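S.K.: predicted structure and sequence below. I'll ask about it afterward.
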Amino acid sequence: MHWILGIALTVAVFIILKQWGVLTPEKKKAATWKILLVAGAALLLFMVLTGRVHVLTAAVAALLPLLRKLPALLKFAPVIGRVFGQPGNRDGGYQENAGDQRQTATSSGNMSLKEACEILGVARDCAEDDIIQAHRRLIQKLHPDRGGNDYLAAKINEAKSVLLKKRA
């Protein structure tokens, strides 16, 4: 009986892997969730049929105290996203720019003066210190290390560089 189940399982794995190779990345993601759901349901059914549900109940009871800490752990979500989100780029999507400024690869480099002033919230004829203060205020709120995103930080940095180049 065991060898029949082993052969059936081997054939099923072979068929699944053959079908997996022809899927697009979007369909692979959906298929992964379906496989996890079916595997979880099969595991639950196995545990119920063999009388081992008490193990599952104990695991859920052990996880309850951890769920209370979940809101505090969510503040680390942006860090985890940067670590696992950008393969091949260890700097989290940043490229070094001239000087000490950093700019993301998503910025286009052709921002108008009007758009730069609107982003930083300054007038066209403002002083250099006003530009730097507006940049600092915005980047502190929207920096990716503080929960913002790379695109907004890039736009803020680009606006600052456009306005400072106009001064030079």
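M.R.: Okay, I see it. Predicted, not measured: the structure shown is a model, and the values here were computed from it.
S.K.: hey, let's count contacts and neighbours off CA atoms from now on
M.R.: Will do.
S.K.: what about the strands in this structure?
M.R.: Secondary structure of the chain (DSSP state E): strands at 94-96, 102-104.
S.K.: low pLDDT regions in the chain?
M.R.: Within the chain, the stretches with pLDDT under 70 are 81, 84-109.
S.K.: how about the helices of it, start to end?
M.R.: Ranges of helices in the chain, per DSSP state H, are 2-20, 25-50, 53-68, 70-73, 77-85, 113-120, 128-142, 150-167.
S.K.: could you single out the most deeply buried of those helices?
M.R.: Among the helices of the chain, helix 150-167 has the highest mean neighbour count (mean count of other CA atoms under 10 Å), at a mean of 20.
S.K.: what packs against that one?
M.R.: Where contact means 3 or more CA pairs under 8 Å, 6 or more residues apart in numbering; DSSP states H and E, helix 150-167 is packed against strand 102-104, helix 113-120, helix 128-142.
S.K.: CSV please, covering those and showing distance to A30.
M.R.: Shown next, in CSV, are these (distance: least, CA to CA, whole Å):
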stretch, distance to A30
strand 102-104, 31
helix 113-120, 38
helix 128-142, 32
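S.K.: nearest to N157, out of the ones you listed?
M.R.: strand 102-104 (6.3 Å; CA to CA).
S.K.: need the contact list for K29.
M.R.: Residues counted as contacts of K29 (CA atoms under 8 Å, 6 or more residues apart in numbering): none.
S.K.: measure it to L64 for me?
M.R.: The gap separating K29 from L64 is 29 Å, by CA to CA, to the nearest Å.
S.K.: same deal with G40?
M.R.: Applying CA to CA to G40 and L64 gives a distance of 20 Å.
S.K.: how many residues are close by L23?
M.R.: Residues lying near L23 (other CA atoms under 10 Å) number 12.
S.K.: for it, grab phi and psi.
M.R.: Backbone torsions of L23, given as degrees, to the nearest 10, read phi -80, psi 150.
S.K.: equivalent analysis for C126, please.
M.R.: Main-chain torsions, C126, degrees, to the nearest 10: phi -80, psi 160.
S.K.: residues in contact with it?
M.R.: Per CA under 8 Å, 6+ apart, neighbours of C126: none.
S.K.: for R146, what are its contacts?
M.R.: Q140.
S.K.: going forward, the N-terminal residue is numbered 19.
M.R.: In the new count, where the first residue is 19, that last one comes out as R164.
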